[in-house]
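Colleague: Take this sequence and fold it.
(chains A and B)
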There are 2 protein chains.
Amino acid sequence: MNNNDYCIIMAGGIGSRFWPLSRTKKPKQFLDILGVGKTFIRQTYERFARIIPAQNFLVVTGIDYKGLVLSEIPEIEENQVLCEPMRRNTAPCIAYATYRLLKKNPGAKVVVTPSDHIIFNETKFLEVMLNGLAYAENNDALVTVGLKPTRPETGYGYIQIEKNDAPGCKDTVCKVRTFTEKPDVETAKLFVESGEFYWNSGIFIWSLNSVQKALSAYLPDIADIFSGGMDKYGTSSEESFIFEAYSQCYNISIDYGVMEKAENVFVFAADFGWSDVGTWNSLYLQLDKDGAGNAVKNAKTYLSDVSNSMIDSANRDKLIVIKGLDNYLVVDTDDVLMICPRNNEDVIKQTISDVLADNGVDFI
Amino acid sequence: MNNNDYCIIMAGGIGSRFWPLSRTKKPKQFLDILGVGKTFIRQTYERFARIIPAQNFLVVTGIDYKGLVLSEIPEIEENQVLCEPMRRNTAPCIAYATYRLLKKNPGAKVVVTPSDHIIFNETKFLEVMLNGLAYAENNDALVTVGLKPTRPETGYGYIQIEKNDAPGCKDTVCKVRTFTEKPDVETAKLFVESGEFYWNSGIFIWSLNSVQKALSAYLPDIADIFSGGMDKYGTSSEESFIFEAYSQCYNISIDYGVMEKAENVFVFAADFGWSDVGTWNSLYLQLDKDGAGNAVKNAKTYLSDVSNSMIDSANRDKLIVIKGLDNYLVVDTDDVLMICPRNNEDVIKQTISDVLADNGVDFI
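Modeller: Sure thing, here's the model as predicted:
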């Protein structure tokens, strides 16, 4: 392992799309949504721990989740958990971690990763990470990791590469032409057919040097705020400094604030099997199904005339009896039961949004 | 109040049709299924207590439910609760109570009543009871209480009266021609149109003298078994005697064993508003509905595009979110969730039956 390689895990999300299983008091990354015996964040740590030593991890999370992080990753120290007092999206999050780490090891190269995705081919994945880190060592580049699309997915943003001699980009680093928003299905089909577009995994690889330059160039206000704390990081004054710092930040993603503007942005196009498992329906697609197309997780069920449905329970001893449903999502927890159509993600999203708006903070 | 008037409450049912709310450990009669603030058995007691003194009640129930009965009806003494060691239907139940009471007050007249029905017009109801008891005082008759049908209900048995000069039978006692099984809807329509048929409420009124004679005549084996315990009733030997007695009994209803055979059977035709609330669907029909035809009981809900459905919860603080269901029954308890079509009672019954067959005693 290279002692200059670091991993920054972004674990501050509130996981509202997996409500009612995911709640603000224990969101998605701290749950075993897939039912594999480990939480998402634990899987993330273990994956990277094969190539990054424990002391080289930083986890950025909401201040309320510090205990959950340390509980899930006892291998790291308390001072490796960076607490955000409020949510300001990924740019402030990354800026905080960057300047914090700069103080400790200015020569660091980092992988910045979400904490709640799944990887199917870990060996290939780790190769990509090491290749990316090696590239960052030798190049002033902001690298994002892109996945070759396997279907016209409308739930992901895409990365378009510059045209080059060899069509497409395979297991290597290519210049990014543009980032796109989540497309509609027709546009997604065009993207996939063209061979120039890749799913944006949200994983970044760069040297601290490169990202610091980019923050200064494209988000100077945020760079100033966090560079102003160099003497506070790692001391008892860090917490109050960070509270002030975040109060001054606006909410902005690293993608919009830096990646879409900088000149030295590249994509490492890869193919290691990936899903952000971002929605109930995407979870349904990942899980094994019975003969009638039902995915049942953590539940004891009696199903009769039930098809193409997803059943998930917080209590594996509870019996869930369903007669006569097709294409539904049934999620049962101690204090919320949700029954809604499964494969319409907008409907699920709107339903969750309406429920939470209606019920204030009671069930959030 | 007449000191020779008694009330025998039959409270031994296991309420399987209201599973999963009703369980063998706490069946229907001990629940507030209607959500009115009192259990069925409590409502039954309070109703009759207006005309029967507390010391003149006997409650026959399963041995496991003795504590529940005394808890619901603290006005009665322990020796007023007759415990059945096993279920043998209504004839042995009535025989036990009859001989037990014969020992204490051979001149008694009794109303024998189920413990889990609802009465809408209590004043009229009590008039009928008093009239019936007066009739039993002066006649060697087995009186059953019939309700003028308000619809071609297929869930009830019917009582046909002998043709008489005045068509039909109104607020009086008429001779019974026959009892019928639950009819299909076409037959039910004929019954209602003819004016000769009444819903069988399962309430009986007779003198101990009359019912004893009928038991001896038509169920001599059962009469012998229970008459053989006269020296044991009200002593410490009663329990073991009853265990032996029930072991020898076969399972038979008073309707089939006596009422359908005896010559002196009458029906008091009445009109006091009644329902046996026998099924989830009949409960749905009783409850208030919202503008979309939904009946919600004991539940906090968020319903969107939900219609003609019934939602019932054992936990009123749990939030039940449903999007896009029409004509469903959703019942949520601590250890069972059931979702099935609402208005097909056979489907509900079969589903419950299959689930319980599949799961042994775990959720019964």
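Colleague: Please identify the helix or strand for the nearest residue to A:Ile52 once chain neighbours are set aside.
Modeller: Once flanking residues are discounted, A:Ile52 sits nearest to A:Cys7: 4.5 Å by CB to CB, 6 or more residues apart in numbering or on different chains. Any C-beta I mention is one placed from the backbone N, CA and C, and that applies to glycine too. Using DSSP states H and E, A:Cys7 sits within strand A:5-11.
Colleague: mind listing what that strand pairs with, with the direction of each?
Modeller: Looking at strand A:5-11 with DSSP bridges, its partner strands are strand A:57-62 (parallel), strand A:109-114 (parallel).
Colleague: Could you see whether chain B lies near stretch A:290-310?
Modeller: Yes. For stretch A:290-310 and chain B, the contact criterion (CB under 8 Å from any CB of the partner chain) is met by A:302, A:304.
Colleague: how about the CA coordinates for that stretch, as PDB?
Modeller: What follows is stretch A:290-310, C-alpha atoms only, in PDB (Å, rounded to 0.1, in the frame of the first residue of the first chain):
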ATOM      1  CA  ASP A 290     -38.900 -15.800  -7.100                       C
ATOM      2  CA  GLY A 291     -40.800 -17.500 -10.000                       C
ATOM      3  CA  ALA A 292     -43.400 -14.700 -10.000                       C
ATOM      4  CA  GLY A 293     -40.900 -11.900 -10.100                       C
ATOM      5  CA  ASN A 294     -41.100 -11.000  -6.400                       C
ATOM      6  CA  ALA A 295     -38.100  -9.800  -4.400                       C
ATOM      7  CA  VAL A 296     -38.500 -10.600  -0.700                       C
ATOM      8  CA  LYS A 297     -36.000  -9.200   1.700                       C
ATOM      9  CA  ASN A 298     -35.800  -9.800   5.500                       C
ATOM     10  CA  ALA A 299     -39.400 -10.900   5.600                       C
ATOM     11  CA  LYS A 300     -41.400 -14.000   6.400                       C
ATOM     12  CA  THR A 301     -44.100 -14.000   3.800                       C
ATOM     13  CA  TYR A 302     -47.200 -15.800   2.600                       C
ATOM     14  CA  LEU A 303     -47.800 -14.700  -0.900                       C
ATOM     15  CA  SER A 304     -50.700 -15.800  -3.100                       C
ATOM     16  CA  ASP A 305     -51.300 -14.300  -6.500                       C
ATOM     17  CA  VAL A 306     -48.500 -11.800  -5.900                       C
ATOM     18  CA  SER A 307     -46.200 -10.900  -8.700                       C
ATOM     19  CA  ASN A 308     -43.400  -8.500  -9.700                       C
ATOM     20  CA  SER A 309     -43.400  -7.000  -6.300                       C
ATOM     21  CA  MET A 310     -40.900  -6.000  -3.600                       C
END
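Colleague: Please identify the buried residues of that stretch?
Modeller: The neighbour-count check on stretch A:290-310 (16 or more other CB atoms under 10 Å in any protein chain shown) flags A:294-304, A:306-310 as buried.
Colleague: quick check: mean pLDDT across it?
Modeller: Summarised as a single mean, pLDDT over stretch A:290-310 is 95.
Colleague: Need the contact partners of it.
Modeller: Stretch A:290-310 is contacted from outside by A:34-35, A:280-281, A:283-284, A:287-289, A:311-314, A:316-332, A:342-343, B:351, B:354-355, B:358-359, using CB atoms under 8 Å, 6 or more residues apart in numbering or on different chains.
Colleague: Then stretch A:133-144?
Modeller: By CB under 8 Å, 6+ apart, the residues outside stretch A:133-144 that reach it are A:2, A:4-5, A:109, A:111, A:132, A:159, A:173, A:176, A:200-201, A:203-207, A:209-211, A:213-214, A:258-259, A:262, A:264-268.
Colleague: and the gap between A:Ala54 and A:Glu46?
Modeller: 11 Å (CB to CB, to the nearest Å).
Colleague: and if you look at A:Ile320?
Modeller: Distance, A:Ile320 to A:Glu46, by CB to CB: 31 Å.
Colleague: What pLDDT is listed against the residue at minimal distance from the centre of chain A?
Modeller: Centroid-nearest residue in chain A: A:Pro114, 3.0 Å away (criterion: CA atoms, centre = their mean). The score at A:Pro114 is 97. That number is its pLDDT.
Colleague: Wait, it touches A:Gly12, no?
Modeller: No. Judged on CB atoms under 8 Å, A:Pro114 makes no contact with A:Gly12 at a distance of 10.1 Å.
Colleague: out of everything not next to it in sequence, what's closest to A:Asp288?
Modeller: Nearest non-adjacent residue to A:Asp288 (CB to CB, 6+ apart): A:Ala295, at 6.9 Å.
Colleague: Over to A:Ala95?
Modeller: Excluding its sequence neighbours, the residue lying closest to A:Ala95 (CB to CB, 6+ apart) is A:Phe226, at 4.4 Å.
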